[in-house]
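Participant: Sequence and predicted structure, then a few things I'm wondering about:
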Amino acid sequence: TQEKTKLLFLKAQMNTDLLTEDLKKKRASNQSFWLIGQPDVELRQIANGEHQGKWQVEIRGFDYFNTKTGAIESGDTSKIALWLLDTDYDGRSLYARQVFFPMADEDEGWAKLAKNLKAEIDSELIEAYRGTVSLPFESGKHERIAVKIVDDRGIESLKIVEVR
């Protein structure tokens, strides 16, 4: 859009704590707004094998603006605490059909939930849900997905991608 308008638009996000009176940050050092890029994701159709024709998403990271240094910094997948995938995004609300905890170790995330619930959960699935590549899925009727990340500081960002 910069070519058309000669203006550079940056997405500014408000800290959601500002919406709740009791949670408003009182120190001047806390940031109320920040600039964060949308997640860098690759949507690809599976070419062969048992899931041929289905789709898969790989999350690669994100960028954000460091207000202290004035530089844009890349946050790779090691800085993503949680990411959510809506495989049939309706444009209004995100319905997390797949949830991943890339930073979780063997005793956190889904593994901790399974242990606390005393449930038997497939250990291969536990490992997959710690990753950066989604499980295979079919395109929904809305033909678009939404990927939401939460980084290691609790900052969220959303990207919507058409499935075609």
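Facilitator: Cool, the structure landed. Bear in mind the structure is a predicted one, so any value in this text is a computation, not a measurement.
Participant: contacts and neighbour counts: CA atoms only from here.
Facilitator: Will do.
Participant: Go ahead and confirm Leu85 touches Ala96.
Facilitator: Yes. If you go by Cα atoms under 8 Å, Leu85 and Ala96 touch, sitting 5.4 Å apart.
Participant: end to end, how far does stretch 145-157 reach?
Facilitator: Start-to-end span of stretch 145-157 (Cα to Cα, to the nearest Å) is 14 Å.
Participant: tell me the mean pLDDT for that stretch?
Facilitator: Stretch 145-157 carries an average pLDDT of 89.
Participant: Quick one: mean pLDDT for stretch 93-113?
Facilitator: For stretch 93-113, the per-residue pLDDT averages 78.
Participant: Leu85 and Ala96 - which one has more neighbours?
Facilitator: Counted by other Cα atoms under 10 Å, Leu85 and Ala96 do not tie: Leu85 has more neighbours, with 23 against 16.
Participant: how about the helices in the chain?
Facilitator: Using DSSP state H, the helices of the chain run over 2-5, 110-117, 123-128.
Participant: OK, contacts around Ile160?
Facilitator: Contacts for Ile160 (Cα atoms under 8 Å, 6 or more residues apart in numbering) come out as 89, 144-147.
Participant: Kindly recompute the last result at 7 Å.
Facilitator: Taking Cα atoms under 7 Å, 6 or more residues apart in numbering as the criterion, Ile160 is in contact with 144-147.
Participant: and these as JSON lines, adding neighbour count and distance to Lys68?
Facilitator: Formatted as JSON lines, the contacts of Ile160 follow (neighbours: other Cα atoms under 10 Å; distance: Cα to Cα, whole Å):
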{"residue": "Arg144", "neighbour count": "18", "distance to Lys68": "36"}
{"residue": "Ile145", "neighbour count": "22", "distance to Lys68": "34"}
{"residue": "Ala146", "neighbour count": "21", "distance to Lys68": "30"}
{"residue": "Val147", "neighbour count": "26", "distance to Lys68": "28"}
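Participant: Next, format those as CSV and append distance to Phe101.
Facilitator: As requested, these are exported to CSV (distance: Cα to Cα, whole Å):
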residue, distance to Phe101
Arg144, 22
Ile145, 19
Ala146, 17
Val147, 13
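Participant: among the residues you listed, which are in strands?
Facilitator: 144-147 (DSSP state E).
Participant: which one of these sits closest to Ala128?
Facilitator: Val147 (16.6 Å; Cα to Cα).
Participant: pLDDT at the nearest residue to that closest one once chain neighbours are set aside, what is it?
Facilitator: Distances taken as Cα to Cα, 6 or more residues apart in numbering put Leu85 closest to Val147, at 4.8 Å, once the chain neighbours are dropped. Leu85 is assigned 97 on the pLDDT scale.
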